[in-house]
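J.: Give me coordinates for this.
(one chain, ligands or ions: 1)
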Amino acid sequence: MKSQGIDGGFYSFRWTSNRSWVRQTSRFLLLVLAVTCLRGHPQQALAVEEALQAVKSSISDAAGPRDVRLIAVSKFIPADVIRTAHDAGQVDFGENYVQELLDKAAELPNSIRWHFIGRLQSNKVKKLLELPNLVSIETVDSANLAKRIANVAADARTEPLDLSIQVDTSNEETKGGVQPQDAMDLAESIVNLGSVRLAGLMTIGAAGDLSAFDRLKDLRRKMAKHLQVPEESLQLSMGMSGDFKEAIKRGATSVRVGSSIFGARPLTRPPRKAS
Ligand SMILES: *Cc1c(COP(=O)(O)O)cnc(C)c1O
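T.: Numbering: from 1, shown residues only. Below you'll find the model as predicted:
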């Protein structure tokens, strides 16, 4: 490269030394990458911790002086990532599938409070209630299901189990829940059962339909009056990643947030660990 003269010489000198610098740096980065992978994704752990803090501060901004519970929805999220959030101080977690919940709970500490928030079939109730740190079922939508849960709870548990009634506030049958006009009868059957406790109302609501939250709050007011209990004794579980701030402003006492904490969900549940 003599034709490039002094400049060419200068650059070729720089290039040579750059090359070894590049080689050394990439070797170093590969090492860092390998260590990172072996140590169980600290990068992801940091992201989950930070996202959790961000969600918590959004919740307290929207809630003002009220206490709003955060349920971290961990469906399809592997146990080690849940552990990271738990180590960062999160206690309440929500799961949608019985077998997935039991598999992951077996690997995680009993200090986690599990809330069941998925569709529950009667034939899975017994299995679900074997989990000692299951604290609530939020998706009760029939008197038969409530009765089945109460019967199993009478044998399996010493403390009454919290049940919430899932209400279909957006007239979307695909998401489940009782129609608002049927919620009162269901509430009455639940309060007449032993070994369970009526904890409140839950709704999913159609995306963008914020009036669903107002309808749930209104239903709680009527229900409290009907049952002659204080309104605040009934929880309002409403609001997810996309709308939890709006839900809190409309009276939510409990929000269920998944992807804003854990990132986009994998499309399938984690594989069962061989035991
Ligand atoms: C998955 C799920 C959530 C959380 O949804 P995100 O949009 O990820 O926050 C909340 N509630 C129920 C019932 C769910 O199934």
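
J.: Please enumerate the strands of the chain.
T.: Along the chain, the segments classed as strands by DSSP state E run 69-73, 92-95, 113-116, 134-140, 161-166, 196-202, 235-237, 254-257.

J.: Could you export these as a markdown table, including mean pLDDT, mean neighbour count and distance to the ligand?
T.: Every C-beta, even on glycine, is put in place using the N, C-alpha and C of the backbone. What follows is the strands of the chain, written out as a markdown table (pLDDT from 0 to 100; neighbours: other C-beta atoms under 10 Å; distance: least, C-beta to the nearest ligand atom, whole Å):
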| stretch | mean pLDDT | mean neighbour count | distance to the ligand |
| --- | --- | --- | --- |
| strand 69-73 | 98 | 23 | 4 |
| strand 92-95 | 98 | 24 | 6 |
| strand 113-116 | 98 | 24 | 10 |
| strand 134-140 | 98 | 24 | 7 |
| strand 161-166 | 98 | 24 | 8 |
| strand 196-202 | 98 | 24 | 8 |
| strand 235-237 | 98 | 25 | 8 |
| strand 254-257 | 98 | 26 | 4 |
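
J.: okay, these in a markdown table with distance to Met223 next?
T.: Shown next, in a markdown table, are the strands of the chain (distance: least, C-beta to C-beta, whole Å):
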| stretch | distance to Met223 |
| --- | --- |
| strand 69-73 | 20 |
| strand 92-95 | 23 |
| strand 113-116 | 20 |
| strand 134-140 | 14 |
| strand 161-166 | 9 |
| strand 196-202 | 7 |
| strand 235-237 | 11 |
| strand 254-257 | 16 |
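
J.: For stretch 58-74, buried residues please.
T.: For stretch 58-74, a neighbour-count test (16 or more other C-beta atoms under 10 Å) marks Ser58, Ile59, Ala62, Ala63, Val68, Arg69, Leu70, Ile71, Ala72, Val73, Ser74 as buried.

J.: Stretch 102-117 too?
T.: With burial defined by 16+ other C-beta under 10 Å, the residues of stretch 102-117 counted as buried are Leu102, Asp103, Lys104, Ala105, Leu108, Ile112, Arg113, Trp114, His115, Phe116, Ile117.

J.: now, which of the buried residues of stretch 58-74 sits nearest Leu216?
T.: Nearest to Leu216 among the buried residues of stretch 58-74: Val68, at 14.6 Å, using C-beta to C-beta.

J.: isn't that closest one right up against Arg250?
T.: No. If you go by C-beta atoms under 8 Å, Val68 and Arg250 don't touch, sitting 11.6 Å apart.

J.: So which bits of the stretch 151-275 of the chain are right by the ligand?
T.: Ile204, Met240, Ser241, Gly242, Arg256, Val257, Gly258, Ser259, Ser260 (C-beta under 6 Å from any ligand atom).

J.: can you check the stretch 1-150 of the chain too?
T.: Applying C-beta under 6 Å from any ligand atom, we find that the stretch 1-150 of the chain lies next to the ligand at Val73, Lys75, Asn96, Ile117.
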